[in-house]
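K.L.:
model the structure of this input:
(chains A, B, C and D)
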There are 2 protein chains.
Amino acid sequence: MARPRQYDEDAVIDKALSVFWKKGFSDTSSRDLIAATGMSNGSLFNSFGDKTTLYLACLQKYNATYIAALESLLISELPFKEKIQKVFEGTAKKVSATDDYEGCFFFNSSVDSGIHDAAISTLTAAIQLRLEKAFCTAADQARESKQLPIESDSVQIAQYLMMITTGLRAMVKGNASVAEIDHIIHSALKFLPF
Amino acid sequence: MARPRQYDEDAVIDKALSVFWKKGFSDTSSRDLIAATGMSNGSLFNSFGDKTTLYLACLQKYNATYIAALESLLISELPFKEKIQKVFEGTAKKVSATDDYEGCFFFNSSVDSGIHDAAISTLTAAIQLRLEKAFCTAADQARESKQLPIESDSVQIAQYLMMITTGLRAMVKGNASVAEIDHIIHSALKFLPF
DNA sequence: ATAATTTTGGAGCAATTGATCCAATAGTAT
DNA sequence: ATACTATTGGATCAATTGCTCCAAAATTAT
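P.N.:
Numbers count the residues shown, from 1 in each chain, chains lettered A, B, ... in the order given. Next up, the predicted model:
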């Protein structure tokens, strides 16, 4: 019926995500996206709308993969402390050996001064809530299995753990070295009051 | 001997800082800076070099004022817990009633994807160290005055407190409401293991 | 006054930006 | 084959970017 697409939408979003991840919203130009995805100018804008909409699609994808994996970990049946340790360690992990971008794309989005789009803000708020709930579920599970005192406030614990995770992510996005991050993770685990 | 300057360098840097603070590096244009400072194009570049150098001057000023104040608080003679509370509460405070920028300009700088300047990175690293040391001094004082157990590791405590402060700043820079921040600060204080 | 000197204003530049436009292309249905 | 249609490539657009250039202006020393 018509000329078929020459690109794989999923692969294109992955490539675009990688660029936004490294460079942030404002410093990623449409030419950067064209170069990274291999699409032509016409196709890119014809298929994904404008730059903001493409960024939103990237964040949705990040939510559906990385955030979903983090959520899975948090609501899994592992021992509570072990989960928390894995979450903390995950903040410092490189995504892959070849790609050099690090940190959390959701975190980057939520502190990116160049983003002024309502839909993106709504999504970052939703991800924040999703993670808080996952932490809360983890705390509830721990309480029920007596890994936490029965009188613990799950919501409060969840928010606290979320904030520490955010602090770690900020240090990763900043200049902190792998050794420094490892050291802080060790301290954070040691200082957990539960 | 020559035409006198029509601007006050300190006031100009304050205005520029305010713009960078609100909009981040990449989203602040030279025209934004000209409009905010009231300088002419020629004067701005003639006096402050390029945009990057002006940003550096703003961060230096921030270091000399806000960071210095935070350091003073940390090395003051106040009770340890009271200091920590004030530091945490300070992360959520608006700079003034009229200005609407919030959060910590140093934090913003250290997570700004648009900054690729070596001098700026060096300065953010120096500020990081300065604050860590101030936290460490606070911990040392607390140890000596038996507000902390004598066997406490001051460096470790300092890094941990620094990370929590960073986490709070990230939440401020993100979407978090004042109520949410207040609540988290309360939890953070409650959960301090010392 | 005149000369010397620095600052000022703003016109203007080359490069880059996000996005549009549209003929050429490559398929499917008939 | 022919018609139909969605995709493609890339030329092109107006707007914006960081920054330069330089004549005009404003001061002090002589």
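K.L.:
which bits of chain A sit near DNA strand C?
P.N.:
Within chain A, the residues that sit near DNA strand C (CB under 7 Å from any atom of the strand) are A:1-4, A:28-32, A:41-42, A:45-46, A:50-52. All C-beta spots, glycine's among them, are computed from the backbone N, C-alpha and C.
K.L.:
restricted to buried residues, select those residues in ChimeraX.
P.N.:
To isolate the buried subset of the residues of chain A next to DNA strand C in ChimeraX, counting by 16 or more other CB atoms under 10 Å in any protein chain shown, use the following:
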select /A:28,45,51,52
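K.L.:
tell me which residues of the lengthiest helix in chain A come out buried.
P.N.:
Assignment by DSSP state H gives helix A:118-144 as the longest helix of chain A. Buried residues in helix A:118-144, counted by 16+ other CB under 10 Å: A:120, A:123-124, A:127-128, A:130-132, A:134-136, A:138-143.
K.L.:
just the CA atoms of stretch A:149-158, as CSV, please.
P.N.:
What follows is stretch A:149-158, C-alpha atoms only, in CSV (Å, rounded to 0.1, in the frame of the first residue of the first chain):
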residue,chain,number,x,y,z
PRO,A,149,10.2,-4.0,63.3
ILE,A,150,6.4,-4.4,63.1
GLU,A,151,5.9,-0.7,64.1
SER,A,152,8.0,0.6,61.3
ASP,A,153,6.5,3.3,59.1
SER,A,154,6.9,1.9,55.6
VAL,A,155,6.1,5.1,53.8
GLN,A,156,8.7,7.0,55.8
ILE,A,157,11.3,4.3,55.2
ALA,A,158,10.5,4.3,51.5
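K.L.:
what does that stretch rub up against?
P.N.:
Stretch A:149-158 has contacts (CB atoms under 8 Å, 6 or more residues apart in numbering or on different chains) with A:132-133, A:135-136, A:138-140, A:142-143, A:148, A:194, B:187, B:190.
K.L.:
at 10 Å instead, please
P.N.:
A:74, A:80, A:84, A:131-144, A:148, A:159-160, A:192-194, B:183-184, B:186-188, B:190-191 (CB atoms under 10 Å, 6 or more residues apart in numbering or on different chains).
K.L.:
chain center to that stretch: distance?
P.N.:
How far stretch A:149-158 lies from its chain's middle: 24 Å, per CA atoms, centre = their mean, to the nearest Å.
K.L.:
ok, stretch A:157-175 next?
P.N.:
12 Å.
K.L.:
quick one: mean pLDDT over it.
P.N.:
If you average the pLDDT over stretch A:157-175, you get 95.
K.L.:
what does chain A put close to DNA strand D?
P.N.:
Near DNA strand D, when you scan chain A using CB under 7 Å from any atom of the strand, you find A:1-7, A:39-43, A:46-47.
K.L.:
which two among those are spaced furthest apart?
P.N.:
Greatest spacing in the residues of chain A next to DNA strand D, by CB to CB: A:Met1 and A:Asn41 (24.3 Å).
K.L.:
about what we covered before: just the ones of the residues of chain A next to DNA strand C in helices?
P.N.:
Using DSSP H, those in helices are A:Ser30, A:Arg31, A:Asp32, A:Asn41, A:Gly42, A:Phe45, A:Asn46, A:Lys51, A:Thr52.
K.L.:
I figured the second one hits A:Asn41, correct?
P.N.:
Yes - contact criterion CB atoms under 10 Å: A:Arg31 and A:Asn41 qualify, at 8.4 Å.
K.L.:
give the closest residue to A:Ser154 in space, chain neighbours not counted.
P.N.:
A:Ala139 (3.8 Å; CB to CB, 6 or more residues apart in numbering or on different chains).
K.L.:
all helices for chain A, in order.
P.N.:
A:9-23, A:30-37, A:41-48, A:51-62, A:68-74, A:80-92, A:105-110, A:118-144, A:154-173, A:178-191.
K.L.:
Throw those helices into JSON lines and include distance to B:Ala176, thanks.
P.N.:
Listed next are the helices of chain A as JSON lines, based on distance: least, CB to CB, whole Å:
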{"stretch": "helix A:9-23", "distance to B:Ala176": "23"}
{"stretch": "helix A:30-37", "distance to B:Ala176": "30"}
{"stretch": "helix A:41-48", "distance to B:Ala176": "30"}
{"stretch": "helix A:51-62", "distance to B:Ala176": "18"}
{"stretch": "helix A:68-74", "distance to B:Ala176": "19"}
{"stretch": "helix A:80-92", "distance to B:Ala176": "19"}
{"stretch": "helix A:105-110", "distance to B:Ala176": "9"}
{"stretch": "helix A:118-144", "distance to B:Ala176": "8"}
{"stretch": "helix A:154-173", "distance to B:Ala176": "10"}
{"stretch": "helix A:178-191", "distance to B:Ala176": "20"}
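K.L.:
for B:Asn175, find the nearest of those.
P.N.:
helix A:118-144 (5.2 Å).
K.L.:
chain center to stretch A:79-98, what's the gap?
P.N.:
Distance, centroid of stretch A:79-98 to centroid of chain: 12 Å (CA atoms, centre = their mean).
K.L.:
what residues of that stretch count as buried?
P.N.:
For stretch A:79-98, by 16+ other CB under 10 Å, it's A:Phe80, A:Lys83, A:Ile84, A:Gln85, A:Val87, A:Phe88, A:Gly90, A:Thr91, A:Ala92.
K.L.:
list the contacts for the first one?
P.N.:
This points to A:Phe80. A:Leu74, A:Ala138, A:Ala139, A:Gln141, A:Ala142, A:Arg143, A:Ser145, A:Gln147, A:Leu148, A:Ile157, A:Leu192, A:Phe194.
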